[in-house]
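# Dropping a prediction and its sequence here:
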Amino acid sequence: MKVAAVIVALLVALALQSTLAGLRIGGTTAVNLVLVVVVYGALSFGATGGLVIGTMGGLIQDALAGGLIGIGGFAKTVVGFLVGWLGAQFIVTQPLPRFVMFVGATMVHEACTQLLYAVVEARGFRLPYSATLTQAAVNALVGVLAFQFVEHGPQLLARRRSRSASLGRRHY
Amino acid sequence: MLESQGTQPLRQRTGVLFVLVLVGHLILISAQVQSGAGVPVLEAATFGAFSRVQLAMAAVLGVGRHGWGNYVALRGTREENEVLKRQLADLEVRLQEQHALIARTEQLQQLLSLQKGTSLPTIAAEVIAGNPNPGIRSVTVNRGSRDGVMTDMAVISPKGVVGRVVGRPAAHASRVQLLIDSAAAAAALIERSRAGGMAAGVDDDPPLQLQLVSNLADVVVGDAVVTSGDDGVYPRGFAIGKVEKSERGHGLYRAITVRPAVDFSSVEEVLIVLVPAKPAAPRPESPAVPAERAK
């Protein structure tokens, strides 16, 4: 069930990402939803889960992007594994630590990507800090909200249902 | 505790999986990228990495081979080297012996030729000792009165005149005064111009002078000096040496130095002329050799 949910989340993220591809800040996409899913999965399922999700998400994203297949996979594998490992070492259940984790994951992901491109294209390493920080902030926001929604959404729905049901019985 | 023991292999497996996945990614990326030379990066990287491994292996093997060849395999070399050194020393000694034997054989052959070539009665003698006094140039030979050796008999070698027997010979040994001794002399003449004089030993280099030769005589450097036979000791015609310097003297006589024909430092075999000395006969065309100086 969880695996299926992750796969679905990945597919949705990919679809949304392709839709939001035109939204760029400083040459970098403003949000990376696949990365958000990878980090989310890694925090939820640990290093192995993060590794697998990162690999799958990265490779699919690379395949859809039409560029070199493996660069995104490599970066997201690294991110998934590191986040999963750090999530097992520290308590990352509050919004702020999760926010920091998303920001860090985005920075690492972008650094890995740029590093690999620098190696492949035989050029110098350069990291667009402002765009990367913006994307990190957006990713972190989306990720924290996703966590909040997933963790507290069912309770809110159940509460609202129960409230509406109690109001429905009060027929004077 | 059990949980920690169980999670440890899991972490290791995750780490291994992580590395494998990353390597897989790198291979995947490399397969799609070409290097500057047009070779796929995967191939270039693989070849480059493998060549490094090959280099490292070659270096390790080289070190091993070097260590084996220069250390392990040379364990017995020290002993072998000692044996070879001893063999070499033995062979060098034997070689020296062979050289000495050859030289001695040649000397004996020359001596034999001289003995056969001359009509004079001679007897071969071997130099058995030198003179311990450096001021007196004489040697001892292994022939004495029992062999017919007498005082004042001439001693010659294939190269030329050596000296004469001095003192009373022992039964089996005699003392020979070398011609280069400062007290020795022999009647001599220039072979080319027949100019006569007296060859006398001196403490100088060359150790012979041709004295009593007139300033008017024809003597040039390189002229052969031979015995004239006028002193009654040395037979006529035996080589004494060659003129090395010939200058006009202050008085009546020329200053002539002679390089001896015989190498007196290596005289080993000689012939003693078994002809008793005769009284000196003065030659009309050359100054007479003083009897006491010649003897």
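Looks like it arrived, so ask away. Numbers count the residues shown, from 1 in each chain, chains lettered A, B, ... in the order given.
# Just the residues contacting stretch B:256-267, thanks.
The set of residues external to stretch B:256-267 that reach it, using Cβ atoms under 8 Å, 6 or more residues apart in numbering or on different chains, is B:127, B:137, B:139, B:157, B:159-162, B:178-180, B:197, B:199, B:204, B:206-211, B:213, B:219, B:225, B:239-247. Backbone N, C-alpha and C define where each C-beta goes, glycine included.
# Can you give me the end-to-end span of it?
Start-to-end span of stretch B:256-267 (Cα to Cα, to the nearest Å) is 25 Å.
# picking up where we left off before, just the buried residues out of the contacts of stretch B:256-267, in PyMOL syntax.
Only the buried entries of the contacts of stretch B:256-267 go into this PyMOL selection, using 16 or more other Cβ atoms under 10 Å in any protein chain shown:
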select buried, chain B and resi 127+137+139+157+159+160+161+162+178+179+180+197+199+206+207+208+209+210+211+213+219+225+239+240+241+242+243+244+246
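# if you look at the contacts of stretch B:256-267, which of them are in strands?
B:127, B:139, B:157, B:160-162, B:178, B:197, B:199, B:208-211, B:225, B:239-247 (DSSP state E).
# Just want the most central residue of chain A.
By Cα atoms, centre = their mean, chain A has its centre lying nearest to A:V36, at 0.7 Å.
# Quick check: closest non-adjacent residue to that one.
Leaving aside its chain neighbours, A:V36 sits nearest to A:G143 (4.7 Å; criterion: Cβ to Cβ, 6 or more residues apart in numbering or on different chains).
# what's the neighbour count on the one you found?
A count of neighbours around A:G143, defined by other Cβ atoms under 10 Å in any protein chain shown, yields 27.
# That one contacts A:V38, correct?
No - A:G143 is beyond contact range of A:V38, at 10.0 Å (criterion: Cβ atoms under 8 Å).
# Select the helix or strand of chain A having the lowest average pLDDT value.
None of the helices or strands of chain A scores lower by mean pLDDT, DSSP states H and E than strand A:24-25, at a mean of 56.
# so which residue of the stretch 51-200 of chain B comes closest to chain A?
The nearest approach of the stretch 51-200 of chain B to chain A comes at B:R52, 17.5 Å away (Cβ to the nearest Cβ).
# circling back to that earlier point, what's the separation between the residue nearest to A:V36 and A:R98?
7 Å (Cβ to Cβ, to the nearest Å).
# Give the helix, strand or coil label for residue 155.
In the absence of a named chain, chain A is used. When classified by DSSP: H, G, I helix; E, B strand; the rest coil, A:Q155 comes out as helix.
# Let me rephrase: I mean chain B.
Following three-state DSSP, we place B:V155 in the strand state.
# OK, contacts around the closest residue to it other than its chain neighbours?
Excluding the flanking residues, the one nearest B:V155 by Cβ to Cβ, 6+ apart is B:V162, at 4.4 Å. Taking Cβ under 8 Å, 6+ apart, we find B:V162 in contact with B:155-156, B:176, B:178-179, B:262, B:264, B:267, B:270.
# Mind putting these into JSON lines with pLDDT?
Output for the contacts of B:V162, formatted as JSON lines (pLDDT from 0 to 100):
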{"residue": "B:V155", "pLDDT": "94"}
{"residue": "B:I156", "pLDDT": "92"}
{"residue": "B:V176", "pLDDT": "93"}
{"residue": "B:L178", "pLDDT": "92"}
{"residue": "B:L179", "pLDDT": "93"}
{"residue": "B:V262", "pLDDT": "91"}
{"residue": "B:F264", "pLDDT": "87"}
{"residue": "B:V267", "pLDDT": "84"}
{"residue": "B:V270", "pLDDT": "91"}
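# what about the closest residue to B:V226 other than its chain neighbours, neighbour count?
Computed as Cβ to Cβ, 6+ apart, the closest residue to B:V226 that is not its neighbour in sequence is B:E191, at 5.0 Å. Counted with other Cβ under 10 Å, residues neighbouring B:E191 total 15.
# which parts of chain A sit against chain B?
Proximity of chain A to chain B, by Cβ under 8 Å from any Cβ of the partner chain, involves residues A:47-48, A:51, A:55, A:68-71, A:73-74, A:77-78, A:81, A:116, A:120, A:122.
# Quickly check those for the two that are furthest apart.
A:T48 and A:A122 (34.3 Å; Cβ to Cβ).
# Which one's more surrounded, the two?
Of the pair A:T48 and A:A122, A:T48 is the one with more neighbours under other Cβ under 10 Å, namely 19 against 10.
# any idea how far that one lies from A:W85?
In this structure, A:T48 and A:W85 are 10 Å apart, going by Cβ to Cβ.
# Please apply the same query to A:T134.
For A:T134 relative to A:W85 (Cβ to Cβ), the value is 26 Å.
# Between those two, tell me which one has more neighbours.
A:W85 (20 against 17).
# Identify the residue spatially nearest to the more buried one, adjacent ones excluded.
Nearest non-adjacent residue to A:W85, counting by Cβ to Cβ, 6+ apart: A:A47, 4.5 Å away.
# Would you check that that neighbour makes contact with B:T14?
Yes - assessed by Cβ under 8 Å, A:A47 is found in contact with B:T14 at 5.0 Å.
# check contacts around the residue nearest to A:W85.
A:A47 sits next to A:80-81, A:84-85, A:88, B:11, B:14, B:18 when contact means Cβ under 8 Å, 6+ apart.
# which helix is the longest one in chain B?
What stands out as the longest helix in chain B, according to DSSP state H, is helix B:77-117.
# Can you give the distance of that helix from its chain's centre?
12 Å (Cα atoms, centre = their mean, to the nearest Å).
# Strands of chain A, residue ranges please.
Under DSSP E, chain A gives strands at A:24-25, A:28-29.
# At the contact with chain A, which residues of chain B appear?
Chain B has residues B:10-11, B:14, B:17-18, B:21-22, B:25-26, B:28-29, B:32-33, B:36, B:41 near chain A, with proximity defined as Cβ under 8 Å from any Cβ.
# Go again with 7 Å.
Residues of chain B found near chain A (Cβ under 7 Å from any Cβ of the partner chain) are B:14, B:17-18, B:21-22, B:25-26, B:28-29, B:32-33.
# which regions of the stretch 1-150 of chain B lie under the pLDDT threshold?
Within the stretch 1-150 of chain B, the segments meeting pLDDT under 70 span B:1-8, B:10, B:35-46, B:49-50, B:132-135.
# can you do 80?
Low-confidence segments of the stretch 1-150 of chain B (pLDDT under 80): B:1-12, B:30-31, B:33-54, B:69-76, B:104, B:107, B:115, B:118, B:130-136.
# can you tell me which two in the contacts of A:A47 are farthest apart?
For those, the farthest-apart pair by Cβ to Cβ is A:G80 and B:R11; their separation is 15.3 Å.
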